[in-house]
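**Q** Fold the following, please.
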Amino acid sequence: MADTTISGSIKEITNSFTDLLDQTLNASLDMLQTFSKAGTDFSSNLSSRFAPQMKALNLPSLGGCCKIPPPCWMPRELTAVTSHVCAGATASLRFRVTNCGMDARTITVEADQNASVNPASLQLGAFQRGWVTVSYTAPAASTGAQNSAEILIFVHGCKSYYLRWTVQNSKRGCDCCHEIEIDDYPDLVHHWYDHFYCPRPCRPVRQVPGR
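**A** Below you'll find the predicted structure:
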């Protein structure tokens, strides 16, 4: 008699648990159908509503979780800078570079358009910082002189960085100097998208017959 009672109780519990799973599954399917019908409007509203929380937690925005950033071996783009100087005046950029790693590192800086770099390299120990100044003298006012020059600057350390610097001739300009801070450190975080990158060299230039 006791065994029959226990078997009946187990059977009731099993049936109840099965019904609960069935109800949960049906509710989940209903939610998915509702979300799919809502489409981008639902995603947009939900993303805008919880944007502050997602930003604080450094979470990707809804609909943009699959966007792959530039690979780790590409130079990091720094914020572009525009300087306004008089004709013949000198504009300068000062880079304050901090070695945020435990190993000593050599920092090198390159610039085109005949801009001067002083010093061209820094020897930084662990957590040390140093300054590099890039200067460019605008041409004197003359007929046909360019009103601006775009200078491409590369900073190589543990990572590589690049910055587009525009020096604009202005009647009200003067000698000016901007300061840029760079915290150079190794990227030790393994991201989900790291596996998707592989070297893709440029295709060789094909010669057209007869040219």
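
**Q** Going by C-alpha atoms from here, please, whenever you check contacts or count neighbours.
**A** OK.

**Q** can you pull out the strands in the chain?
**A** Ranges of strands in the chain, per DSSP state E, are 76-77, 81-85, 90-99, 105-111, 116-118, 121-124, 129-137, 148-156, 160-169, 176-184.

**Q** Now mean pLDDT and distance to Trp192 too, for those strands, in a markdown table please.
**A** Formatted as a markdown table, the strands of the chain follow (pLDDT from 0 to 100; distance: least, Cα to Cα, whole Å):
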| stretch | mean pLDDT | distance to Trp192 |
| --- | --- | --- |
| strand 76-77 | 91 | 19 |
| strand 81-85 | 89 | 33 |
| strand 90-99 | 93 | 27 |
| strand 105-111 | 93 | 28 |
| strand 116-118 | 94 | 38 |
| strand 121-124 | 93 | 32 |
| strand 129-137 | 94 | 32 |
| strand 148-156 | 93 | 26 |
| strand 160-169 | 92 | 22 |
| strand 176-184 | 86 | 23 |
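
**Q** roughly how far apart are Thr133 and Thr14?
**A** Distance, Thr133 to Thr14, by Cα to Cα, to the nearest Å: 76 Å.

**Q** more neighbours, these two?
**A** Between Thr133 and Thr14, counted using other Cα atoms under 10 Å, the more crowded position is Thr133 (18 against 12).

**Q** The more buried one reaches Leu93, doesn't it?
**A** Yes. Using Cα atoms under 8 Å, Thr133 is in contact with Leu93, at 5.6 Å.

**Q** residue contacts, Ile153?
**A** Counting by Cα atoms under 8 Å, 6 or more residues apart in numbering, Ile153 makes contact with 109-112, 162-165.

**Q** Show me the beta-bridge partners of it.
**A** With DSSP bridges as the criterion, Ile153 is bridged to Ala111, Leu163.

**Q** can you start the count at 585 instead of 1 from here on
**A** That works, and once the first residue is 585, the last one we named lands at Ile737.

**Q** Format the contacts of Ile737 as JSON lines; extra columns: neighbour count.
**A** As requested, the contacts of Ile737 are exported to JSON lines (neighbours: other Cα atoms under 10 Å):
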{"residue": "Val693", "neighbour count": "22"}
{"residue": "Glu694", "neighbour count": "16"}
{"residue": "Ala695", "neighbour count": "21"}
{"residue": "Asp696", "neighbour count": "13"}
{"residue": "Tyr746", "neighbour count": "20"}
{"residue": "Leu747", "neighbour count": "19"}
{"residue": "Arg748", "neighbour count": "17"}
{"residue": "Trp749", "neighbour count": "19"}
